[in-house]
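Peer 1: Turn this into a structure:
(one chain, ligands or ions: 1)
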Amino acid sequence: MAADAAAQGAPEVDWDALRARAIEVMGRAYAPYSRFPVGVAGVVDDGRVVVGCNVENAAYGVALCAECGMVSELVATGGGRLVAVSCVGRDGEPLMPCGRCRQLLWEHGGADCLLLTPEGVLPMSAVLPQAFGPDNLSIAAPPA
Ligand code: THU
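Peer 2: So this is what the prediction gives:
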């Protein structure tokens with residue numbers, strides 16, 4: 001990322017390396033039904049990298065998106081916040097996460113998490129505008 005971004009407090013991210021990790025894990029996707037393998041890699045705020053690939057099922061609707069696997073690894077290996085994410089399809093080019101997975105990224109990365117998109121690096125606030133998130137639950141009714 002450019003020095004400008006670093007100056008504004010954004011994390012320094014090696015996007016080429018992160019996309020390479022996403023491409024590597026995309027190669028291990030289990031996608032015999034759609035034949036649409038997806039890989040995703042994310043940098044956590046403590047510096048570790050978590051990855052995921054899609055895992056389909058004969059019951060088509062049960063398919064797990066790549067982002068589900070990545071978020072599971074995130075939580076299972078100690079949690080933290082996602083600061084940068086690269087998602088790719090078969091061609092290795094940036095792939096926009098589906099709506100459900102944007103919600104997953106919002107939960108674990110928030111508005112400032114950066115995503116490598118076909119239009120360049122964008123914050124989640126641009127990818128999921130006016131998102132519903134944990135803050136909305138602060139107005140939940142108290143327990144009866
Ligand atoms: N898929 C993902 O893994 N992530 C996304 O964000 C979009 C879709 C997968 C699900 C399914 O296995 C295949 O791509 C085709 O929809």
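Peer 1: Buried ones in stretch 130-137, by neighbour count?
Peer 2: Across stretch 130-137, burial judged by 16 or more other Cβ atoms under 10 Å covers Ala131. C-beta: built from backbone N, CA, C; applies to glycine.
Peer 1: got it, and stretch 100-111?
Peer 2: Cys101, Arg102, Leu104, Leu105, Trp106, His108, Gly109, Gly110.
Peer 1: What of stretch 113-124?
Peer 2: Those buried within stretch 113-124 under the rule 16+ other Cβ under 10 Å are Cys113, Leu114, Leu115, Leu116, Thr117, Val121, Met124.
Peer 1: Just give me the closest of the buried residues of stretch 100-111 to the ligand.
Peer 2: Among the buried residues of stretch 100-111, Cys101 lies closest to the ligand (Cβ to the nearest ligand atom), at 4.2 Å.
Peer 1: Helix or strand: which one has that closest one?
Peer 2: helix 99-109 (DSSP states H and E).
Peer 1: So what touches that helix?
Peer 2: 42, 65-68, 71, 74-75, 81-83, 85, 97, 113, 115, 124, 127-128, 131-134 (Cβ atoms under 8 Å, 6 or more residues apart in numbering).
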